[in-house]
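Peer 1: Below is the sequence, then the predicted model.
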Amino acid sequence: MEITMKLTPEQEAILNGSKGEAMAKVMRTLVEYGQIYGATKMVPVTGECGHLVLSFGLMFLGPVFDLYQQLIDEGCLPQQKLTCDPLPYDKNVPQDAVSKVVAKVIYSKQGSYNKQLKKLGMKNPGKDSYTCASYMTEVGNTPKEGDVLSWAESSAVVYANSVLGARCNRNSGIIELFGSIAGFVPYFGFLTDEGRKADWVIELKTTKMPDAQLLGSAVGMKVMEEVPYVKGLDKYLGTELDESATTYLKDFGAATASNGAVGLYHIENLTPEAKKQGTSLIKPNAKTYVITDEVLQEVKDNYPVIWKDPTAKPELCFLGCPHMSLQQMKDWTHTLEEGLKKEGRKQVSIPTVFTASTPVIEEFNKTPESKKLKKMGVVVSYICPLMYMDNPLCQTKPVITSSNKLRTYTTARFYSNDEIAEMLTKEVD
Amino acid sequence: MAKKNKGTKTFQGRAITPGECTAEAVVSHGGFNTLASMQMMSIQTKTKCVDQNNPDLYKKILQGKALCLPQTIGSTTGGMFLYCAVKQGKNPACLLFSKEIDSLAAAGAVLSEVWAPESPMPVVDNLGDEFLEYVQDGDTITVHPDGSVDVAR
């Protein structure tokens, strides 16, 4: 490989093995990766913490764990503390005995991987670092505007770029750890001003506030990896990034990233760069996509249903992929409370799991809503629902969700928040 | 620019990880979601696509095939899954992108080249829209180290 990137003398020495074989390979990986996109230099990682996408000890990922062990053995450790995606199981989540055994087999590397993560350096004690929404204040890995990050996890990257104004490419797992170890990343893509310009204008012309996950899906499927600039959403979300707006954008972004490959979006009059730079963020030749009620309905109608029996009675409902915010947990509690009251019922009609990070759950447990939710029969967990559903026995179950990310990666069936609320509070036939 | 010669059409791309191979084509006209497609490979005898949202590839064998695609999409575990597939011999024979390779697949390609040099998987990008319009499932694909790709039927 010819090195075209301008490296510092120290970086060149690392590439030539001054810090050992593993570190030389880390360096070579970052250089080759950057050169594909014409990166001319490395830039320092300025964000305080890294975030890893790999949280699960999936037996198939043995080569990754071997690679990480080589790094640990050679002392190639991150220069920053880490947070990590959610854990793959939690005994509180409903699961039959056989599925539990299968989960233990599938995630048989979990114990040893947790030990590796500890050696790599987690930010918080216990389970507090394991969440896909590490940017929430309760977790504390919240980058500042302009910070250069070496993160993976598609929903976290798109949130950090779009809502927080940080700068991070859509790195793959392993690459993100390499950036945290090296302390620098190749300069290309979303790290550059030009790479943050919008390729698409999304004109929102719906008659009411669209479901975040459905809107994100429509946008992601259309623009794929390009950058959308959304006009008309500020009419519903306002012009301040309060908790309602950030929660909406969390879910919207996750859907754009999983149903497409969006790593950055701008919301007119709301997200930091759109507020400062306005329409100058839009490229001169940008394409336009008009979204109406009909467009969203068509997107939803085209989702395949791959349940064996499409008319099956749902056996489980997951809400919180990505992990819920505190406000979201409270809002859902109120929604379910009102719905059940209206129906003269006390408990949800489908076993339901809310997922959130442990620091958010701890805060939620201090609120009056916590007891109400428990009374309604809802389980609260730190689990990754996607990992739960990766269990082949769970895949055969009729599971419903309002997460478009979960729908995309598993057999779970998507319903809008309004539909889910109705299904959970009414008698199931 | 494509060249045609007696039932074989040749497309020129950029060799991301140069190499040679001949394999049967499987074609995805939409973005290939690596996690959604390959997440069950650990329990499959041969890696098959399990992505319900990919009508072109759903339930088709990927292992040992020339995977022709515009780009990969979805979870940032993508590159990691590709790397593991290569390390364990469960990967497509080569990846052929009509567009510029996305950052997740690029990571998978580079990780495989640097950390698994014993199992080469040629990766070529920028083959152009015409490539993806032309190539069909079952075509015989030959990849050359300079990034040229022959499609024969």
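Peer 2: Structure received.
Peer 1: quick one: A:Y265 and chain B, what's the gap?
Peer 2: Between A:Y265 and chain B the distance, using Cβ to the nearest Cβ, to the nearest Å, works out to 15 Å. C-beta: built from backbone N, CA, C; applies to glycine.
Peer 1: my bad, A:P272
Peer 2: 22 Å.
Peer 1: Determine the set of other helices and strands touching the helix or strand of chain A with the lowest mean pLDDT.
Peer 2: The least trusted helix or strand in chain A, going by mean pLDDT, DSSP states H and E, turns out to be helix A:392-395, with a mean of 85. In terms of contacts (3 or more Cβ pairs under 8 Å, 6 or more residues apart in numbering or on different chains; DSSP states H and E), helix A:392-395 is packed against helix A:97-106.
Peer 1: how many other residues sit next to B:L69?
Peer 2: When counting by other Cβ atoms under 10 Å in any protein chain shown, one arrives at 26 neighbours for B:L69.
Peer 1: whoops, B:Y134 was the one
Peer 2: Neighbour tally, B:Y134, other Cβ under 10 Å: 19.
Peer 1: Could you tell me which residues make contact with it?
Peer 2: Neighbour list for B:Y134: B:A2, B:K9, B:F11, B:V151 [criterion: Cβ atoms under 8 Å, 6 or more residues apart in numbering or on different chains].
Peer 1: Out of those residues, the closest to A:I36 would be?
Peer 2: B:F11 (19.0 Å; Cβ to Cβ).
Peer 1: what about the longest helix belonging to chain B, near chain A?
Peer 2: In chain B, with assignment by DSSP state H, the single longest helix is helix B:103-115. Yes - residues of helix B:103-115 contacting chain A under Cβ under 8 Å from any Cβ of the partner chain: B:S103, B:L104, B:A106, B:A107, B:G108, B:V110, B:L111, B:E113, B:V114, B:W115.
Peer 1: Could you check the pLDDT of the fourth one?
Peer 2: Per-residue confidence for B:A107 comes out at a pLDDT of 97.
Peer 1: I'd say it and A:E176 touch.
Peer 2: No - the criterion here is Cβ atoms under 8 Å, and B:A107 misses it with A:E176 at 9.2 Å.
Peer 1: about what we covered before: may I see the residues of helix B:103-115 next to chain A organised as JSON lines, with neighbour count added?
Peer 2: What follows is the residues of helix B:103-115 next to chain A, written out as JSON lines (neighbours: other Cβ atoms under 10 Å in any protein chain shown):
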{"residue": "B:S103", "neighbour count": "26"}
{"residue": "B:L104", "neighbour count": "32"}
{"residue": "B:A106", "neighbour count": "28"}
{"residue": "B:A107", "neighbour count": "31"}
{"residue": "B:G108", "neighbour count": "32"}
{"residue": "B:V110", "neighbour count": "28"}
{"residue": "B:L111", "neighbour count": "29"}
{"residue": "B:E113", "neighbour count": "24"}
{"residue": "B:V114", "neighbour count": "21"}
{"residue": "B:W115", "neighbour count": "22"}
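Peer 1: quick one on the thing from earlier: dump the C-alpha coordinates for the longest helix of chain B into PDB.
Peer 2: What follows is helix B:103-115, C-alpha atoms only, in PDB (Å, rounded to 0.1, in the frame of the first residue of the first chain):
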ATOM      1  CA  SER B 103     -17.500   3.500   5.400                       C
ATOM      2  CA  LEU B 104     -18.800   0.300   7.000                       C
ATOM      3  CA  ALA B 105     -17.900  -2.000   4.100                       C
ATOM      4  CA  ALA B 106     -14.600  -0.200   3.700                       C
ATOM      5  CA  ALA B 107     -13.800  -1.000   7.300                       C
ATOM      6  CA  GLY B 108     -14.600  -4.600   6.700                       C
ATOM      7  CA  ALA B 109     -12.400  -4.700   3.600                       C
ATOM      8  CA  VAL B 110      -9.400  -3.100   5.300                       C
ATOM      9  CA  LEU B 111      -9.800  -5.100   8.500                       C
ATOM     10  CA  SER B 112      -9.800  -8.300   6.500                       C
ATOM     11  CA  GLU B 113      -6.800  -7.200   4.400                       C
ATOM     12  CA  VAL B 114      -4.700  -6.100   7.400                       C
ATOM     13  CA  TRP B 115      -5.800  -8.600  10.100                       C
END
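Peer 1: Show me the contact partners of it.
Peer 2: A:25, A:28-29, A:32-33, A:36-37, A:67, A:169-172, A:174-175, A:189, A:261, B:16-17, B:34, B:71-72, B:74, B:76, B:78-83, B:86-87, B:91, B:95, B:97, B:101, B:119-121, B:123.
Peer 1: Just the ones in helices from those, please.
Peer 2: Per DSSP H, the contacts of helix B:103-115 map to helices at A:25, A:28-29, A:32-33, A:36, A:67, A:175, B:34, B:78-83, B:86-87.
Peer 1: For the stretch 1-150 of chain A, which segments count as helices?
Peer 2: With helices called from DSSP state H, counting those that start in this stretch, the stretch 1-150 of chain A shows them at A:9-15, A:21-36, A:62-73, A:97-106, A:110-120.
Peer 1: tell me the contacts of B:D146?
Peer 2: B:A15, B:P18.
Peer 1: what secondary structure does it sit in?
Peer 2: coil (DSSP: H, G, I helix; E, B strand; the rest coil).
Peer 1: these two touch, right, A:N417 and A:S403?
Peer 2: No - the pair A:N417 / A:S403 is not scored as a contact, 10.2 Å apart, by Cβ under 8 Å.
Peer 1: Give me the more crowded residue out of the two.
Peer 2: Neighbour count, other Cβ under 10 Å: between A:N417 and A:S403, A:S403 has more, with 27 against 18.
Peer 1: For the closest residue to the more buried one other than its chain neighbours, give its distance to B:A15.
Peer 2: Excluding the flanking residues, the one nearest A:S403 by Cβ to Cβ, 6 or more residues apart in numbering or on different chains is A:C321, at 3.7 Å. Distance of A:C321 to B:A15, computed by Cβ to Cβ, to the nearest Å: 38 Å.
Peer 1: Of these two, give the one with the bigger neighbour count.
Peer 2: A:C321 (29 against 18).
Peer 1: just checking, that one touches A:P385?
Peer 2: Yes - contact criterion Cβ under 8 Å: A:C321 and A:P385 qualify, at 5.0 Å.
Peer 1: now the strands for chain B?
Peer 2: B:3-5, B:8-12, B:14-17, B:21-27, B:32-33, B:66-69, B:72-73, B:94-97, B:123-125, B:140-143, B:148-152 (DSSP state E).
Peer 1: out of these, which comes closest to chain A?
Peer 2: strand B:72-73 (4.1 Å; Cβ to the nearest Cβ).
Peer 1: winner for burial among the strands of chain B?
Peer 2: Most buried of the strands of chain B, by mean neighbour count (mean count of other Cβ atoms under 10 Å in any protein chain shown): strand B:72-73, with a mean of 31.
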